[in-house]
Every structure is written in C-alpha cells, then in structure tokens.
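Undergrad: Give me a model of this one.
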Amino acid sequence: MGRRSNRRNGAAFATGVAYFLACALTIRLTRFEGGVAFMWIANGLLTARLTTLMPRNWAAPLAACFVASVLATATLGLGAALAVPLGVVNVGESALGAVLLHRYVGRHSGLDSHRWLIIFVLATGIAAPAAGAIVAGASISALSDHSFVAAALQWYNGHALGTLAFMPIFMLVMRGEAWRLIRRMRRAKLIELATLMGLITLVAIATFSQTRFPLLFLPLLPIVLATFRGGALSTAASIVIVAIIGAVLTVRGYGPIALMDGSIGERMQFFQLYLACAMLTVLPANAELQRRSELFRQLRDSEARYRLVTDSSTDIILNVDCDGRLRFVSSSVHQLAGQRAETLIGRPLTELVHPDDADRAMATLRSVLDDPTAVSVNEYRGRTASGDSRWFESQSRAVMDEEGNVTGLVSAIREVTRRRQHEERLAEAALTDPLTGLVNRRGIEHELTRLLASSDGGCVALFDLDHFKRVNDTYGHFAGDEVLRRFAVVARSSLRDQDLIGRLGGEEFAVLLPDATIEQARLVCDRLRQAIGDARIKVGDAQIGVTVSGGVVTYLRHEAPEDVLHAADVALYRAKHAGRDQLALAA
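TA: Numbers count the residues shown, from 1 in each chain. You can find the predicted model right below:
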C-alpha cells in the first residue's frame, strides 16, 4: 500500500513540475501588455492527466498543479496577490473539464470517437474555460487595473484554444498510447511517420518565417496527409509542431499573421484561433478514419469467418443484388449443382432455377426486398450442369447497408431432393389404396371437390362387386384380394384417359368422369361392366368370374360432394335390387 502511495505521489509531483514548466513557458513567450498569457497549454496537460485517473485519485495532481500555478503566477505572472485565486481557477477549470469528459464519455474514450470529440470541444473548449474566464476576469479586475471584459476574453481565448490544441497529444502520451502506437509500427511505417513530421516541420518553418504571402493554408496540406497516413498520433503531433513553430515565429514578428494590423497579443489570439480551426478540421477526419478502419477490420474478420463457414458448409451461400444478379456464390455449388462458383458471378439468379420456377424465385426476391426484416423459406427445382433437376430449399433475407438501405439478399440453400421424394411418397400413400394401387376414398373426395369447384359438369359412377362375400368364403381372402386387384387392372383399361377410378373401401369403387354426359358415362361404365363380367381370374387351380353393379349420376358445378355420392349410391342399390350385373342411372 505504501509503495503504491509513493508512486502516486511521485506521479503527482511530476505532473506538478510539468505544469509549472508549461505555465512558465507560456507566460514568458505569450504574455504581453501586462495581462494574462495569450496561450495557455498547462490546463490541457492537467485535464489530460485527470482523464487517465479515477476521480478518487485526482486530489494529489490537483494539489501539485495548484502549487505550481501559484508559484508561476507569483514569480512570472500577475504577482502574489492574484497567485492563489488564479491557481484555484486554473485547477478548478481543469477539474470541471475532466468531470464533464468523465461523466459523458468515460475515462477510456479516445480520439477515434466522434462523441468524444464533440464532448471534448464542449467541455474543455467552451464550458470549462468560459467558467474560468468569468471568475478569473472578476479576480483580475478587482485586484489590478485591468478591465473585466478584456481580462475575461483574453483568459478564455488563451485557455480554450491552448487546451484544444495541446490536450490531444498530452492524452496520447500520458495514457501510453503514443508509445504503444509507435511500438506496433513496422520500420517502414516509422520511417513514413518521421518523414511526415519532418515535412510538416519544413512546411511550418517555410510558412511562418516569411511575411510576403498569406500561406496559412499551406501547413494544412501535410497535416491532412499525416492524418490519413498516421492516425491520431501523427494528427496530434502535427498540431503541436505547427503550434510551437508558428507561435515562436509569430511572437518574433514573422509569418503570414504579421501581415494583419493589430498588437502582438491580437496576432497571437488569431494564431490560436488558426490552430483551433486546424485541429477541429483534422480531428474529426481522424475520428472518421479510425471508425472506418475499425469497421474495415471487423469486415475483414467477418469475411474470414464467413468464408470459413461457406467453404466448409455443404449448403450453398448466395449473395444476390436487387436486380437478381449473383454477387457471391460459395464453392459448395460445385458439389451440389455441378457448376463452378466463379463462372456464376454476375449472372442472373434464374440461371440456377428450373424454368418453371423462375418467376416464383423472382417473386420471392421482390418480397424479401420489400420486407427486409422477414426471412423467406421456399423450395425450388434447381438446374444442374448435367441438365437434371433437383429440389432445393432456400432461406433468404435482405442485406442492408449502414443507412438502412436494402442492397440485395443473402440465401442459404440446401438440397432437399430426398426429403421432397419422401414427402411425395407419403402424400401419395395418403391418397393411394395399398392393395389395388388406385386412389383411396380421400383421393376420390379430394378430386371430386376440385371438379365440382372448377368444371361445368360431368358424371360419377359407383361400382360394387356382386356377391363378393361368396368369393372370400369359397376361395379365401387371398383370392378375394386378387379379384380386387384384377378389377382395378381391367377398369383402368376400360376407362377414358381423363377418367379416374378409386377404391372407396371393401369391394366398392368410384369412377369420376369429368365433362361426360349421362349417355357417354353410361357407355363407358357399361363397357367396364361387360369387361369385368367377361374376365376370368385364375387363383391357383380355380377360375373365378365376377360381375359388378353400378350407379351413375350427373353433377353440376358447386354441388356438394356428399350429395353427388349419395345420389350415385342410391342408383347403385337400385341396380343391385334389380338383379345385379347392370347399371342404373340416377333419376
């Protein structure tokens, strides 16, 4: 505990010494006309130091800098009478700026944040120096012959502009970020950074050592270049280089600012404004560059993960633009569709889809683009390089840029041919009679419902094998099953292509004859009846003959299916009661 306390006290003492040197330097170089210094960088140093510490550890550096401020003011500045009040204002101003930064952006925020930059300007460039200027101006006017307005304005300009220009570099140094950035740089990058700093130095000397041309814009060019190439460190260092060279030469009467009329104090204030404008020009650019660099790094990492997943996945991953053209296709497309990914880039999405499903695929694209938050799941037939078709399931959702604009969609596609075949087999089994291979009652009812909803009319016939129980009792159930299967074969061959026959259950069958008149239906059904009667079914050594009875009824659109089947059933039983082996037409 004692060792930690000693380290803290030593750091506070070092901060106090640095603060005194900053005070002394700016008082000696920028104090004119008996007033306060026109450039004040010491508060930038103290505020930067406070942002590296938790508030509970601020007491020691504040105390050390208070003592340093008192000594500098008493010996080099406005004298002993104002040393204490101005010392209080100085450290209070830094504490206020640090409190605002700590409160609104946190202790670990840096120069790469737009939010930090805005709060930094508001806190240390406006709020804190404005509050300090009011108190300092009142103290100076009360204890000297300086006016309140002149002292307050001079205080505000010197403190606000000095802090804005120098605090960023102090922060980078005190947080160790400057050294970390330098250590991470490769040798070529270090040489580039040194070259840029040398270039800025030469341009600053060339600009501020002459008084013929208004070349204040000239240093901005290498500063912007340094911002783009070196980041926060080179940005802050560039401002400091220009500040030091420009301040020294401006005080000596050199540089473009010497062309303006006014006192040396007014020229220094203008120089500080120039520095602040330069800093407020390049720091936002640096923040944006850092943000974009971080986004680019995240994008690279994301793309690496994305490619790892897509290259090892058996699914096909597609990126499609808003016009339906392929922008990315994973390599797995070769395994599933037999095509090479690179040959598909830029081609229409529909080239991967069966022609019969192309319109539906484009409709899905439009629906996803219209509702970016939804995930669309669809199944399509895909074309392979060999020309055959397979079933694929796609899950698609929209891709949006950082402004929320839809730029296309991404799809994960997997082959589902086996699943589709299995589902079709199950669907077929649900509608098929396993003994005869005909559709079952459910299939007949489903198709009859469809016909009643879509066709203008037709006929329905019900058939029942005569004395079928006698066949089972005489020859056994195996023979009975064979009779039913034979009936199905003979019936299929006796009907028209558009007719449908199904087994309703037991020995009862139904025939749907769409678009048939009652006379056409009678002829078709009588042909079926005669073919069954003429057939002989061999089971073992036995030759089995059977007959059938039938009832035929017409139907019209929108009739109820149960009413139609009931009418046919009534006609069937009339045929049976009339002697069997005949047809009866519904009344």
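
Undergrad: Distance check, the residue nearest in space to the middle of the chain against residue 377.
TA: Nearest residue to the geometric centre of the chain (Cα atoms, centre = their mean): residue 400, 6.1 Å. Distance from residue 400 to residue 377, counting by Cβ to Cβ, to the nearest Å: 20 Å. Heads up, the C-betas are built off the backbone N, CA and C, glycines and all.

Undergrad: for residue 209, same thing?
TA: 72 Å.

Undergrad: higher neighbour count, the two?
TA: Neighbour comparison, residue 209 and residue 377: the larger count goes to residue 209, with 12 against 9 (by other Cβ atoms under 10 Å).

Undergrad: List the contacts of the closest residue to that one other than its chain neighbours.
TA: Sequence neighbours aside, residue 254 is the residue nearest to residue 209 in space, at 5.4 Å (criterion: Cβ to Cβ, 6 or more residues apart in numbering). Under the criterion of Cβ atoms under 8 Å, 6 or more residues apart in numbering, the neighbours of residue 254 are 208-211.

Undergrad: try 7 Å
TA: Residues in contact with residue 254, defined by Cβ atoms under 7 Å, 6 or more residues apart in numbering, are 208-209, 211.

Undergrad: And residue 239, by the same measure?
TA: 165, 275, 278-279.

Undergrad: and if we set it to 10 Å?
TA: Counting by Cβ atoms under 10 Å, 6 or more residues apart in numbering, residue 239 touches 164-166, 168-169, 200, 219, 223, 226-227, 275-276, 278-279, 282-283.

Undergrad: can you list the weak-confidence ranges in the stretch 401-550 of the chain?
TA: 422-423, 426, 428-429 (pLDDT under 70).

Undergrad: For it, which segments count as helices?
TA: For the stretch 401-550 of the chain, the helices defined by DSSP state H, counting those that start in this stretch cover 417-430, 441-454, 468-475, 477-494, 518-534.

Undergrad: now these in CSV, with distance to residue 503?
TA: As requested, the helices of the stretch 401-550 of the chain are exported to CSV (distance: least, Cβ to Cβ, whole Å):
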stretch, distance to residue 503
helix 417-430, 14
helix 441-454, 8
helix 468-475, 12
helix 477-494, 7
helix 518-534, 14
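
Undergrad: right, so of the ones you listed, which gets closest to residue 63?
TA: Comparing the helices of the stretch 401-550 of the chain against residue 63 with Cβ to Cβ, the closest turns out to be helix 417-430 (76.6 Å).

Undergrad: for the helix ranked longest in the chain, packing partners?
TA: Assignment by DSSP state H gives helix 264-312 as the longest helix of the chain. Counting contacts by 3 or more Cβ pairs under 10 Å, 6 or more residues apart in numbering; DSSP states H and E, helix 264-312 is packed against helix 2-30, helix 114-122, helix 148-174, helix 220-230, helix 232-251, strand 316-321, strand 326-329, strand 406-415.

Undergrad: Any idea how far stretch 490-510 is from the middle of the chain?
TA: Counting by Cα atoms, centre = their mean, to the nearest Å, stretch 490-510 is centred 58 Å from the centre of its parent chain.

Undergrad: That one: end-to-end distance?
TA: Stretch 490-510 has an end-to-end distance of 14 Å (criterion: Cα to Cα, to the nearest Å).

Undergrad: Go through that stretch and flag the buried ones.
TA: Within stretch 490-510, the residues scored as buried using 16 or more other Cβ atoms under 10 Å are 490-491, 494-495, 499-504, 507, 509-510.

Undergrad: try stretch 200-215
TA: Buried residues in stretch 200-215 (16+ other Cβ under 10 Å): 200-201, 203-205, 207-208.

Undergrad: Just name the closest of the residues you listed to residue 452, please.
TA: residue 200 (88.8 Å).

Undergrad: and the residue nearest to that closest one when sequence neighbours are not counted, how far is that from residue 492?
TA: Distances taken as Cβ to Cβ, 6+ apart put residue 222 closest to residue 200, at 4.7 Å, once the chain neighbours are dropped. Distance from residue 222 to residue 492, counting by Cβ to Cβ: 92 Å.

Undergrad: residues in contact with the residue nearest to the centre of the chain?
TA: 372-373, 406-408.

Undergrad: which strand residues sit across from it in the sheet?
TA: In this structure, residue 400 bridges to residue 406 when assessed by DSSP bridges.

Undergrad: Okay, buried residues for the host helix or strand of residue 96 please.
TA: Under the criterion of DSSP states H and E, residue 96 resides in helix 80-104. Going by neighbour count (16+ other Cβ under 10 Å), the buried part of helix 80-104 is 82-83, 85-102.

Undergrad: One more: stretch 247-258?
TA: Applying 16+ other Cβ under 10 Å to stretch 247-258 flags 247, 249-251, 254-258 as buried.

Undergrad: same deal with stretch 545-558?
TA: For stretch 545-558, by 16+ other Cβ under 10 Å, it's 546, 548-555.

Undergrad: I'd like to know which of those is nearest to residue 175.
TA: Closest to residue 175, out of all of these and judged by Cβ to Cβ, is residue 555, at 88.5 Å.

Undergrad: quick check, that closest one in a strand?
TA: Yes: Residue 555: assigned to a strand according to DSSP: H, G, I helix; E, B strand; the rest coil.

Undergrad: Quick check: bridge partners of it?
TA: Note on residue 555: beta-bridge partners by DSSP bridges are residue 458.

Undergrad: re the thing from before, out of the helices and strands packed on helix 264-312, which is closest to residue 287?
TA: helix 114-122 (5.0 Å).

Undergrad: Throw the contacts of residue 254 into CSV and include distance to residue 485 and pLDDT, thanks.
TA: Putting those into CSV (distance: Cβ to Cβ, whole Å; pLDDT from 0 to 100) gives the following:
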residue, distance to residue 485, pLDDT
208, 108, 93
209, 111, 93
211, 115, 89
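
Undergrad: Return the subset of these lying in helices.
TA: Per DSSP H, those map to helices at residue 208.

Undergrad: Out of the contacts of residue 254, flag the one nearest to residue 584.
TA: The closest of the contacts of residue 254, once distances to residue 584 are taken by Cβ to Cβ, is residue 208, at 118.1 Å.

Undergrad: which residues touch the closest one?
TA: By Cβ under 10 Å, 6+ apart, residue 208 lies in contact with 215-216, 218-219, 242, 245-250, 252, 254-258, 271.

Undergrad: before we move on, what about residue 440?
TA: By Cβ under 10 Å, 6+ apart, the residues touching residue 440 are 429-434, 446, 502-505.

Undergrad: so which of these would you say is closest to residue 517?
TA: Of the contacts of residue 440, the one sitting nearest to residue 517 (Cβ to Cβ) turns out to be residue 502, at 21.7 Å.
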